[in-house]
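Visitor: Got a predicted model here, sequence first, then my questions.
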Amino acid sequence: MDQFGDYTLRFTTTQSIRLRNIPDAALPELHSILKELFAEVHLPTLANNIVSCTGADTCRLGIGLSKGLAKAIRKELISSKLDLDGLQDTRIHISGCPNSCGQQLWADIGFSGKILRNDRIYPGYQVYLGANRDDAPKFAEAVGNISSRDIPQFVVKLLESYLLTQQKYQSLQQYLLGEGKEVAKTILARFKEIPSFENDKNYYFDWGAETLFSVINRGTAECSAGLFDMIDVDLNIINNTKKVLETEQNPQKRNVLLYEIVFSASRMLLVTRGAEPKTTEDVFNLFLKNLIGYGFVDEKFSPIVTTARDNREFDFESKKDGIYALAEAVAELYKNMDDSLQFKNVQPKLQPTAAQAEEPKAAPHTQHKFKDLRGVACPMNFVQTKIQLSPMQSGEILEIWLDDGQPINNVPGSVRGEGHQVLEQVQVGDYWKVVIKKK
């Protein structure tokens, strides 16, 4: 750029490069240079101005592949029939986790990565709208959640709704501070339900990913954070359902909502016991066995859990107080849980066995504690590793066997992140042997 003069380049806080002090006569030459460097320089500003953090590609805190999402939004915008030239000042910002590296709170349309869940976990984002960057600065407001797969369509539909009423507003920012926010919530509602894994697997893969979405991400410390995020999904469902019940009058709808509280309360802490339900019935059975059966939750709640398992049409309104008490008991147990997934100030009446905390066996040909985790997918292999380590003394050795792929790529790093030492990591045939020294 020297031929255009001194101090012509400036880097911005929105991942852009600004060219300044370029003589008018030099603009044709500059345009030719930019075309050589950037094949799509002719596209509207918005298509090349989406801001994203690095996301789970390289960040150890990342949940979502935010750069892949940015590319997907860009592609959808370019292929749409929207007047993108009329949207050149629009700010779309993406963070791959709840942190704000992507400045989603300072955007017209912002997203922050999070874990969403139906019968399985899938990549999702919190949606933020309407930051005010003018005379009365204000962060964007969180308006709801959406699956990562649906975000490109959501963005196009929201911008389309703005363009249809553009004459009434000075900018998209003004639109979102007005009626646009409610319009956005209506659009979000259309994307609330996603297809099952059997009907459309794409929803369970992140943008640009070749493997199923997992809370075990690259790096060290985010595994536990992801697990707690999974628990918070059910806790939020319980709290939000209670709010809806405050105003809901329809008896049938109230009954469904009360059932959902029992279901979420039963599922919420199963991950801490290394229990992985495959069906709705499994959720209740595993809760009865692993939480009530070992005395973590009072057995007085067994009848309502059993009823929810056996008769979804039961009159749950008649047991509302008991259902609320169950939810409170589970929430209180969660409050007293430490990072090793153990419940403080709670003494189980039986020593857990099987998946939740069985005494590790001796490793073959050694005196090490041992757990074969082949065939156990992420994140449950990490959960079970934590559970095996929990009763061991500092300095004791645990040997685990892990499958190739995601398990070996993620579990050892997560173990290191919790302060333990990985002494050995070696491939044995089609699996890996990992030897861990407890901190």
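Guide: Arrived safely.
Visitor: tell me, how many neighbours does residue 425 end up with?
Guide: 14 (other Cβ atoms under 10 Å). C-beta here means a position set from N, CA and C on the backbone, and glycine is covered the same way.
Visitor: what secondary structure does it sit in?
Guide: strand (DSSP: H, G, I helix; E, B strand; the rest coil).
Visitor: Run a quick neighbour tally on the closest residue to it other than its chain neighbours.
Guide: Leaving aside its chain neighbours, residue 425 sits nearest to residue 434 (5.1 Å; criterion: Cβ to Cβ, 6 or more residues apart in numbering). Using other Cβ under 10 Å, the number of residues around residue 434 comes to 22.
Visitor: Give me the mean pLDDT for the helix or strand harbouring residue 434.
Guide: Mapping residue 434 onto the secondary structure by DSSP states H and E places it in strand 431-437. Averaged over strand 431-437, pLDDT sits at 93.
Visitor: and it, which strands flank it?
Guide: strand 397-403 (antiparallel), strand 421-428 (antiparallel) (DSSP bridges).
Visitor: So which of those is the most surrounded?
Guide: strand 397-403 (a mean of 23; mean count of other Cβ atoms under 10 Å).
Visitor: hmm, back to that, how about the residue nearest to residue 425, what does it touch?
Guide: By Cβ atoms under 8 Å, 6 or more residues apart in numbering, the residues touching residue 434 are 399-402, 408, 411-412, 415, 422, 424-425.
Visitor: that older thread, kindly reformat the strands paired with strand 431-437 as JSON lines containing mean pLDDT.
Guide: As requested, the strands paired with strand 431-437 are arranged in JSON lines below (pLDDT from 0 to 100):
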{"stretch": "strand 397-403", "mean pLDDT": "93"}
{"stretch": "strand 421-428", "mean pLDDT": "90"}
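Visitor: residues contacting residue 345?
Guide: By Cβ under 8 Å, 6+ apart, the neighbours of residue 345 are residue 336.
Visitor: Over to the most centrally placed residue in the chain: give its phi and psi.
Guide: In the chain, the residue lying closest to the centroid (Cα atoms, centre = their mean) is residue 115, at 1.9 Å. Residue 115 adopts backbone torsions of phi -90, psi 130, taken as degrees, to the nearest 10.
Visitor: so how far is residue 408 from it?
Guide: Plainly put, residue 115 is 22 Å away from residue 408 if you go by Cβ to Cβ, to the nearest Å.
Visitor: and if you look at residue 147?
Guide: Noted for residue 147: a distance of 28 Å to residue 408, by Cβ to Cβ.
Visitor: returning to what we had before: closest one of the contacts of residue 434 to residue 249?
Guide: When the contacts of residue 434 are ranked by distance to residue 249 (Cβ to Cβ), residue 411 comes first, at 49.1 Å.
Visitor: Could you grab the helix/strand/coil label for the closest one?
Guide: Per three-state DSSP, residue 411 ends up helix.
Visitor: would you list every one of the strands in the protein?
Guide: 9-11, 17-19, 51-52, 92-95, 109-117, 121-129, 141-147, 361-362, 369-372, 397-403, 421-428, 431-437 (DSSP state E).
Visitor: Contacts for the second one next, please.
Guide: Contacting residues not belonging to strand 17-19 are listed as 1, 4, 8-12, 30 [Cβ under 8 Å, 6+ apart].
Visitor: Turn the residues you listed into CSV, columns for pLDDT and neighbour count.
Guide: Formatted as CSV, the contacts of strand 17-19 follow (pLDDT from 0 to 100; neighbours: other Cβ atoms under 10 Å):
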residue, pLDDT, neighbour count
1, 67, 12
4, 79, 17
8, 85, 16
9, 84, 11
10, 86, 11
11, 85, 9
12, 79, 9
30, 84, 16
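Visitor: thought residue 415 was touching residue 385?
Guide: Yes - contact status for residue 415 versus residue 385: in contact at 6.4 Å, counting by Cβ atoms under 8 Å.
Visitor: And stretch 150-159, how far out from the chain middle?
Guide: 19 Å (Cα atoms, centre = their mean, to the nearest Å).
Visitor: May I have that stretch exported as CSV, CA atoms only?
Guide: Presented in CSV, the C-alpha positions along stretch 150-159 are these (Å, rounded to 0.1, in the frame of the first residue of the first chain):
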residue,chain,number,x,y,z
ASP,A,150,-31.5,-22.6,12.3
ILE,A,151,-29.7,-19.3,12.8
PRO,A,152,-29.0,-18.5,9.2
GLN,A,153,-32.7,-18.7,8.3
PHE,A,154,-33.6,-16.8,11.5
VAL,A,155,-31.2,-13.9,10.5
VAL,A,156,-32.7,-13.7,6.9
LYS,A,157,-36.3,-13.8,8.2
LEU,A,158,-35.6,-11.1,10.8
LEU,A,159,-33.8,-8.8,8.3
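Visitor: buried stuff in it?
Guide: Neighbour-count burial for stretch 150-159 flags 150-159 (criterion: 16 or more other Cβ atoms under 10 Å).
Visitor: What of stretch 57-77?
Guide: By neighbour count with 16+ other Cβ under 10 Å, stretch 57-77 contains the buried residues 57, 59-74, 76-77.
Visitor: Sort out for me which of these are in helices.
Guide: 66-74, 76-77 (DSSP state H).
Visitor: Right, I'll call it a day here.
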